[in-house]
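Novice: Give me a 3D structure for the following:
(one chain, ligands or ions: 1)
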Amino acid sequence: MSTSAVSAAEPYLTQQDYSAYSDEQHAVWAELVRRVMPQLEQHAAREYLDGFTSIGLQADRIPDLTLISDRLRPLTGWRSTPVSGFLPAPAFFEMLATRRFPTTTWLRSRESLEYTPEPDIFHDVFGHVPMHAHPVFARFLEDYGRVCAATTDAMVLEKLGRLFWYTVEFGLIRQMGRIKVYGSGLISSHGECCNVLGGHCAVQEFTLDAVLETPVKVDEMHHLLFAITSFDQIYDAMREAERRATKGRL
Ligand SMILES: [Fe+2]
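Specialist: The predicted structure follows:
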């Protein structure tokens, strides 16, 4: 990691003013958790649920990012690092490459429980961070950031963006013969989760080629998602994507 790479994220780093959250905001967090948790206890990947416990997430309080990172860092070296908002791609990739997950500190209001145009702390922490406690997922995500940070090729970034989308954001895994969710966009959205679990979305076996050939559509519910059978699969896929990118053949 060069000094200039690290500094790309610098202007976006901020603090979480934990004491500034109101009782109403903590109540909104609790409501968000209450809406999805019964479904997740049945349908979330084992690794997500284990991570939820091991990073010390609470159902009724907005997470204190310092405390979350204190629990997470000894497990995998990842941290949940407060940022001021949406990050440009180079800053985002460089934070991932150094195992810092850019985390927004604002929370949606009660009027928009289901949808926010940009990620909030519920999406970022509840949706993403529990998976960062899993060692293989943790390495996969660091590698993703490192490989993306090393290129400016728009087509390579477009393809790698699909890999991110169909794993980190909307990934599924087959466990005990059933489809489970681990992607943050599914974990943190009741509607997206119901769409998949209700059978309204085709589920195809994950392969790197299939994912790289499937464009991302952000403005509609998914019609096709991909299921892995183990997190080693996405780690291996990332290594293969890196080999191909290096040879200019992604
Ligand atoms: Fe996300």
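Novice: Once you drop chain neighbours, what's closest to the residue most central in space within the chain?
Specialist: Centrality entry for the chain: nearest residue to the mean C-alpha point is residue 128, 3.7 Å, by C-alpha atoms, centre = their mean. Excluding the flanking residues, the one nearest residue 128 by C-beta to C-beta, 6 or more residues apart in numbering is residue 184, at 4.4 Å. C-beta here means a position set from N, CA and C on the backbone, and glycine is covered the same way.
Novice: pretty sure the one you found is in contact with residue 168, am I right?
Specialist: Yes - when contacts are counted by C-beta atoms under 8 Å, residue 184 is listed as touching residue 168 (6.6 Å).
Novice: shared neighbours of these two, anything?
Specialist: 128, 131 (C-beta atoms under 8 Å, 6 or more residues apart in numbering).
Novice: what about this protein, any weak spots by pLDDT?
Specialist: Across the chain, the ranges flagged by pLDDT under 70 are 1-6.
Novice: where do the helices sit along it?
Specialist: 3-7, 23-43, 46-54, 65-76, 89-97, 121, 135-149, 154-164, 184-187, 190-197, 208-212, 231-246 (DSSP state H).
Novice: Quick check: which of the ones you listed is buried the most?
Specialist: Mean neighbour count (mean count of other C-beta atoms under 10 Å) peaks for helix 184-187 among these, with a mean of 26.
Novice: Name the surrounding residues that touch it.
Specialist: Helix 184-187 is contacted from outside by 36, 40, 44, 48, 123-124, 126-128, 131, 168-172, 181, 192-193, 196, using C-beta under 8 Å, 6+ apart.
Novice: I'd assumed residue 29 was in contact with residue 122.
Specialist: Yes - judged on C-beta under 8 Å, residue 122 makes contact with residue 29 at a distance of 6.7 Å.
Novice: got any residues that touch both of these two?
Specialist: Common neighbours of residue 122 and residue 29, counting by C-beta under 8 Å, 6+ apart, are residue 107.
Novice: now stretch 32-52, how far from the chain's geometric center?
Specialist: 14 Å (C-alpha atoms, centre = their mean, to the nearest Å).
Novice: Over to stretch 217-234?
Specialist: With C-alpha atoms, centre = their mean, you get 12 Å for stretch 217-234.
Novice: What are the buried residues along it?
Specialist: Neighbour counts over stretch 217-234 (16 or more other C-beta atoms under 10 Å) mark 222, 225-228, 231, 233-234 as buried.
Novice: Please work out which residues outside that stretch touch it.
Specialist: Residues outside stretch 217-234 that contact it (C-beta under 8 Å, 6+ apart): 47, 134, 136-137, 140, 163, 166-167, 170-174, 179, 191-192, 195-196, 200-207, 210-211, 214.
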